[in-house]
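S.K.: A structural model of the following input is requested.
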Amino acid sequence: GVGGMDILGPLDIIDTAWGDMGFLDPKVDKATMGCDYIFDLRPVANARANGIKNGGGAEETMYYAARGRLCKMLNADIPNIYAVRRSYEKLEAICKEGYDSKSGQQPSGWTREYADSQWSDHIVTLMNAAKQVVKLMTEDKSSVLVHCSDGW
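M.R.: Numbering: from 1, shown residues only. Model (predicted):
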C-alpha cells in the first residue's frame, strides 16, 4: 500500500462492501452451492421456440440445483430489447412533440399515443420482475440466477 494504506480497486471495494453487508460468506460449503430459482427474463414464447428449434434455449435447472435441493424455473416474459427500444422511440417522439407552454395544452391524441407506445407496460413488467427477484432473495433467502438473452 501507499503510506501504510492499502489501495483498493473497484472489485476489492465491491467485495468489501458486500462482505460487510453479509452478502459474501467465506465459510460457504461448496457442496451446497447452487441456485433455488432460475428467472428467465425472455418472453415465454421465445424460450419455447428456441428449445424447439435448437434443442435447447433454456437453462436446465438440474445443472444449477444445490445438492439435495430443487431449482425451479420462473419466467418474467419481458419483450426482447428490440421491442422495448421501439417502444422507447415511440415515447421519445411523443415527448418531442411537447405541449403548448402558453396555453398549457398537450397535443391532441397524446394519451392514446402514449398508451399505444406500450412504454408503461414494459416498465411495469421490468419492475415486477425486479421486485420478484428481490423478494426471493431477501424474504425467502433464496439464490436466484437471472437468465436473459434475446438481445439483452
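S.K.: Show me what secondary structure element comes after the longest helix belonging to the chain.
M.R.: Ranked by residue count, the top helix of the chain under DSSP state H comes out as helix 119-138. As assigned by DSSP states H and E, the chain's next helix or strand after helix 119-138 is strand 144-147.
S.K.: quick one: contacts of the longest helix of the chain?
M.R.: Here helix 119-138 makes contact (C-beta atoms under 8 Å, 6 or more residues apart in numbering) with 36-37, 39, 41, 74, 76-79, 83-84, 87-88, 90-91, 114, 142-144, 146. No exception for glycine: its C-beta is placed from N, CA and C like everyone else's.
S.K.: PyMOL command to pick out the buried ones of the residues you listed?
M.R.: This is how PyMOL selects the buried members of these, with burial counted by 16 or more other C-beta atoms under 10 Å:
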select buried, resi 36+37+39+41+74+76+77+78+79+84+87+90+91+114+143+144
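S.K.: coming back round to it: residues of the longest helix of the chain that come out buried?
M.R.: Those would be 119, 122, 125, 129, 133, 136, for helix 119-138 by 16+ other C-beta under 10 Å.
S.K.: Now distance to G68 and pLDDT too, for the residues you listed, in TSV please.
M.R.: Below are these laid out as TSV (distance: C-beta to C-beta, whole Å; pLDDT from 0 to 100):
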residue	distance to G68	pLDDT
W119	44	94
H122	39	93
T125	34	92
A129	28	92
V133	24	93
L136	19	92
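S.K.: Can you tell me which of those residues is closest to A65?
M.R.: Comparing those against A65 with C-beta to C-beta places L136 closest, at 15.1 Å.
S.K.: so how far is S143 from the closest one?
M.R.: For L136, the distance to S143 equals 9 Å [C-beta to C-beta, to the nearest Å].
S.K.: anything in contact with each of the two?
M.R.: Looking at what touches both L136 and S143 (by C-beta under 8 Å, 6+ apart), the common residues are 36-37.
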